[in-house]
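Asks: Quick one, what's the 3D model for this:
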Amino acid sequence: MTGTPWAAGATLFDRAGATLLDRMIARLTAQRDALNWAVERVEGRTGPALEIGLGKGRTYDYLRARLGVEQVYAFDDGLRVPPGCEPPPERLFLGDFRDTLAAVRATLGGTVRLAHADFGSPDQIHDREQAAWLAPMIDALMQPGGVVVSDRPLSCAGWQPVEPPGSGPAWRYHAWIVRPGDGQVSQS
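Replies: Numbers count the residues shown, from 1 in each chain. Okay, here's the model as predicted:
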């Protein structure tokens, strides 16, 4: 187990005796609560939403149900969603995030009202490195006052951190208001 982020005999999910099921429930609850908060914060604003890290499509499906399928663009390195949950081809971007997010900058730059970045992995070093280049790429797409939520910490000048509902010691979720002085989104 050399090189893993956990101690010998422990699992990645060991925290205060929580089981894998407990951790999954905490993660999905925190994720849903953060997304609900984010959708409410951008209500009444125009512009698309981004699902960065489509994965199995759970949060994409949730966002398209709340915002409309025509409002959500999805990004991932491959397609692993169940039948019926695939984004429309014109709103699905497969490949490295550096390439796919750069490809939409000319058309979406400065227009995105909500971005959900779900890119976490068991490799904390990889996640920190990815977060360092991913945040500025997301920022280039965001409208002032837009909202970013993520399963991993991101950092970008002009982003105001906000504690989303549901985030806590069992599972941490992260949120930011992008350049809040330039938009109409409040912290409440």
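
Asks: Just the CA trace of the longest strand seen in the chain, in PDB.
Replies: Taking DSSP state E as the criterion, the chain has its longest strand at strand 142-150. C-alpha atoms of strand 142-150 as PDB (Å, rounded to 0.1, in the frame of the first residue of the first chain):
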ATOM      1  CA  MET A 142     -18.300  32.300 -15.600                       C
ATOM      2  CA  GLN A 143     -20.500  35.300 -15.500                       C
ATOM      3  CA  PRO A 144     -20.100  37.800 -12.600                       C
ATOM      4  CA  GLY A 145     -22.200  36.700  -9.700                       C
ATOM      5  CA  GLY A 146     -22.300  33.100 -11.000                       C
ATOM      6  CA  VAL A 147     -21.900  30.100  -8.600                       C
ATOM      7  CA  VAL A 148     -19.300  27.400  -8.600                       C
ATOM      8  CA  VAL A 149     -19.800  24.200  -6.500                       C
ATOM      9  CA  SER A 150     -17.200  21.400  -6.200                       C
END
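
Asks: how many degrees apart are the least confident helix or strand in the chain by mean pLDDT and strand 142-150 in direction?
Replies: Of the helices and strands making up the chain, the lowest-confidence element is helix 124-139, at a mean of 90, by mean pLDDT, DSSP states H and E. Orientation of helix 124-139 against strand 142-150 (axes from the mean of the first three to the mean of the last three Cα atoms, to 10 degrees) gives an angle of 160 degrees.

Asks: Quick one: low-confidence residue ranges for the protein.
Replies: Within the chain, the ranges that satisfy pLDDT under 70 run 1-17, 182-188.

Asks: All the helices of it, residue numbers only.
Replies: Remark: helices assigned in the chain by DSSP state H are 20-41, 58-67, 97-108, 124-139.

Asks: what's next to the second one, contact-wise?
Replies: The set of residues that contact helix 58-67 without belonging to it, under Cβ atoms under 8 Å, 6 or more residues apart in numbering, is 28, 31-32, 35, 39, 49, 51, 54, 71-72, 74, 81, 85, 87, 114, 116, 118. C-beta coordinates here come from the backbone N, C-alpha and C atoms, glycine included.

Asks: Drop anything exposed from the residues you listed.
Replies: Neighbour counting by 16 or more other Cβ atoms under 10 Å classes 31-32, 35, 39, 49, 51, 54, 71-72, 74, 81, 87, 114, 116, 118 among those as buried.
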